[in-house]
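*Asks:* Need a 3D model of the sequence below.
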Amino acid sequence: MKMKFLLLIMTLATAFTGCAGASGTSNSNSAESETVIEQNTEESTDSQSEDVSVSESDAQEAFYKSLYNTKTDTFPQLSEPEKGETIATIHTNKGDIKVRFFPEEAPKAVENFVTHAKEGYYNGLTFHRVINEFMIQGGDPVGDGTGGESIWGEPFEVEPSLALKHFRGALCMAKSSLPVSIGSQFYIVQNDGLDEQSKQALESYKQQGDEVVYTGKDFELKVKDIYPEAVIDEYLKNGGTPSLDIQYTVFGQVYEGLDVVDTIAKVETDDNDKPKEDVIIESVEVGEY
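*Replies:* So this is what the prediction gives:
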């Protein structure tokens with residue numbers, strides 16, 4: 001596996017601070033996981049190390065193959081909702097946020113959120129963690145980032161797709177550093193611009209489009225498969241958080257109410273990024289567009 005692309009992702013990343021508990025967003029997840037694997041491998045016997053290496057290699061092959069199978073030149077977040085499409089209105093004490101969903105790309109996350117919403121799970125909860133020029137996070141019944149569960153009672157895994165990105169307004173599932181740790185918490189990307197380092201990195205991807213990121217048994221994943229020009233242009237124009245792509249599940253997109261997202265992101269917070277005055281999710285109403 002070629003690691004260059006992963007290193008590029010890490011250079012795009014900005015530190016996520018104030019992440020405590022079971023669910024959150026942290027750019028250190030990949031590095032932490034790799035460190036644990038390396039430590040466990042070094043402590044194994046030669047035969048165990050070989051088995052682990054083969055297993056990891058197979059897992060990498062399967063992951064990148066599944067990712068390769070999602071590559072596309074059509075990005076649903078950049079289009080308007082269609083008549084009859086399932087949508088939801090997140091009613092807050094700061095205003096309404098309307099979102100659409102992408103069940104074909106992230107079926108588990110969509111089912112989980114929509115079912116929770118219909119059952120009133122999110123009613124009265126808060127956006128417990130907000131960071132201006134980054135994101136707003138909610139959906140935790142405990143209210144501090146440590147709570148929440150999926151509709152199945154057990155956490156579930158990330159559903160990575162090259163068709164969905166962390167554009168401004170993306171609706172995503174929060175998780176911990178564990179590979180299977182998604183529950184009820186979600187976040188909305190609020191960042192409306194990119195820092196210069198991120199802009200330069202994305203611009204460089206246009207020049208590196210044909211560079212191979214991963215070579216599989218019967219496929220090659222290239223930079224342009226992950227960051228085609230349409231995606232780069234959207235990030236440069238409207239903002240977002242590209243450093244989170246692939247690592248977290250994107251399952252929806254705000255199509256109305258980004259001004260409300262901005263209002264929430266700009267409220268006064270404490271040292272843990274918790275609003276000093278509660279930002280309340282009064283209800284989440286599911287319907288059709």
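
*Asks:* Can you show me the CA trace of stretch 251-268 as CSV?
*Replies:* The C-alpha trace of stretch 251-268 is given here as CSV (Å, rounded to 0.1, in the frame of the first residue of the first chain):
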residue,chain,number,x,y,z
PHE,A,251,-25.1,10.6,5.2
GLY,A,252,-26.9,13.9,4.5
GLN,A,253,-26.6,17.5,3.5
VAL,A,254,-28.2,20.8,4.7
TYR,A,255,-30.1,22.3,1.8
GLU,A,256,-31.8,25.1,3.8
GLY,A,257,-30.8,26.7,7.1
LEU,A,258,-27.0,27.1,6.9
ASP,A,259,-27.5,30.5,8.4
VAL,A,260,-28.9,28.8,11.5
VAL,A,261,-25.9,26.5,11.5
ASP,A,262,-23.6,29.6,11.4
THR,A,263,-25.6,31.2,14.3
ILE,A,264,-25.2,28.1,16.4
ALA,A,265,-21.5,27.8,15.6
LYS,A,266,-20.9,31.3,16.8
VAL,A,267,-22.5,31.1,20.2
GLU,A,268,-20.3,31.7,23.3
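
*Asks:* And it, what's buried?
*Replies:* 251-255, 257-258, 260-265, 267 (16 or more other CB atoms under 10 Å). All C-beta atoms are positioned from the backbone trio N, CA, C, and that covers glycine.

*Asks:* In the stretch 51-200 of the chain, where is pLDDT below threshold?
*Replies:* 51-54 (pLDDT under 70).

*Asks:* can you give me the helices in the stretch 151-289 of the chain?
*Replies:* With helices called from DSSP state H, counting those that start in this stretch, the stretch 151-289 of the chain shows them at 196-207, 223-226, 229-238, 258-265.

*Asks:* helices or strands up against the strand ranked longest in the chain?
*Replies:* Across the chain, the longest stretch assigned as strand under DSSP state E is strand 280-288. Here strand 280-288 touches strand 86-92, helix 107-118, strand 125-126, going by 3 or more CB pairs under 8 Å, 6 or more residues apart in numbering; DSSP states H and E.

*Asks:* right, so of the helices of the stretch 151-289 of the chain, which gets closest to G153?
*Replies:* Checking the helices of the stretch 151-289 of the chain against G153 by CB to CB gives helix 258-265 as the closest, at 29.4 Å.

*Asks:* any idea how far the closest one is from the chain center?
*Replies:* Counting by CA atoms, centre = their mean, to the nearest Å, helix 258-265 is centred 18 Å from the centre of its parent chain.
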